[in-house]
Every structure is written in structure tokens, then in C-alpha cells.
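Engineer: below are the sequence and a predicted model; questions follow.
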Amino acid sequence: MDGGQAPRSVGLVDLVGQLGTDLAALVRKESELIRAELSEKLRGAAKAVGDIAAGGLLLVAALLVLLQALVLALSKVMDPVWASLLVGLGVAVLGGLLVRVGMKALSPDELKPDRAARQLRKDAELIKGDKP
């Protein structure tokens, strides 16, 4: 055999101890993998947020250029001051309407989960044995 040594029998306690050690190492490695993957995903998300911000700034710049082009086009048929005022007032009215619509959508009445509350009432009535 192995130079006269008797084969070592592994006891149940040794196996359970090794299993605990292996499980701890596995959990540690898995948590390191999760941490590394989350870190990579967060870096990608941060880059995406930067891209979105840069795109938004470019869109605002494009809107300003297009509004200026509208002012120049209108200045062919009216005084440039009046063309600027007209475009400015039009954009202000549109912006005000959008803010108003957005604020209404964020009101507490609009945010209440009406359908879920109605369904919960129906479920409670059903459990009680009442007719819906």
C-alpha cells in the first residue's frame, strides 16, 4: 500500500467540519462575485446617467437654436422685437401648461391606489361573506 500506513478513515465529524469550511468559502466567493458584479453595473449606470445628462443638455441647446430660427423667420414679416416676444410668450405658455399638467398628476388624489383599495374592499367583503 502506502509504505505501510493504514488508510485513514474520515469520520463524520471531520466531514461535517469540512462541509462547513467549504460552505463558508463558497458563500465568501459568491459574495465577492456579487460585489464585483454590482460595482461593474453601478459604473455602467453612472456612465449612462452622464450620457443622458449630456444628451439633455444638447437637446436644450438644439431647442434654443430652433427657437432662435423661429424668431428669425418671424422677423421677416414683423419687427424682430415683436417676433422675439411672440416666440418667448408662446414657449412660456407651453411651459406653464406642462408644469400645471405635471403638478396635477403629482397631486395626492392622483397618486392614491384607487383600484387596489377597491379590490381589497371586495376581497374583505368576500371573506366576510357579504355580497360585493
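Structural biologist: Done, it's in.
Engineer: the top helix by length along the chain packs against which elements?
Structural biologist: Secondary structure of the chain per DSSP state H: the longest helix is helix 12-74. Packing partners of helix 12-74 (3 or more CB pairs under 8 Å, 6 or more residues apart in numbering; DSSP states H and E): helix 80-105. For every residue, glycine as well, the C-beta is placed using N, CA and C.
Engineer: and the helix it packs on, which residues are buried?
Structural biologist: For helix 80-105, a neighbour-count test (16 or more other CB atoms under 10 Å) marks 83-84, 87 as buried.
Engineer: can I see the domain layout of this protein?
Structural biologist: 11-74, 79-132 (automatic domain parsing).
Engineer: middle-most residue in the chain, spatially?
Structural biologist: residue 45 (9.8 Å; CA atoms, centre = their mean).
Engineer: so in this protein, where's the weakest helix or strand by average pLDDT?
Structural biologist: In the chain, no helix or strand scores lower on mean pLDDT, DSSP states H and E than helix 108-111, which sits at a mean of 78.
Engineer: from the chain's centroid, how far away is that helix?
Structural biologist: Chain-centre distance of helix 108-111: 21 Å, with CA atoms, centre = their mean, to the nearest Å.
Engineer: what of stretch 31-46?
Structural biologist: 16 Å.
Engineer: buried residues, that stretch. List them.
Structural biologist: Buried-residue list, stretch 31-46, by 16+ other CB under 10 Å: empty.
Engineer: pLDDT wise, what is residue 44 at?
Structural biologist: As predicted, residue 44 sits at a pLDDT of 89.
Engineer: now do it against residue 36, distance only.
Structural biologist: 13 Å (CB to CB, to the nearest Å).
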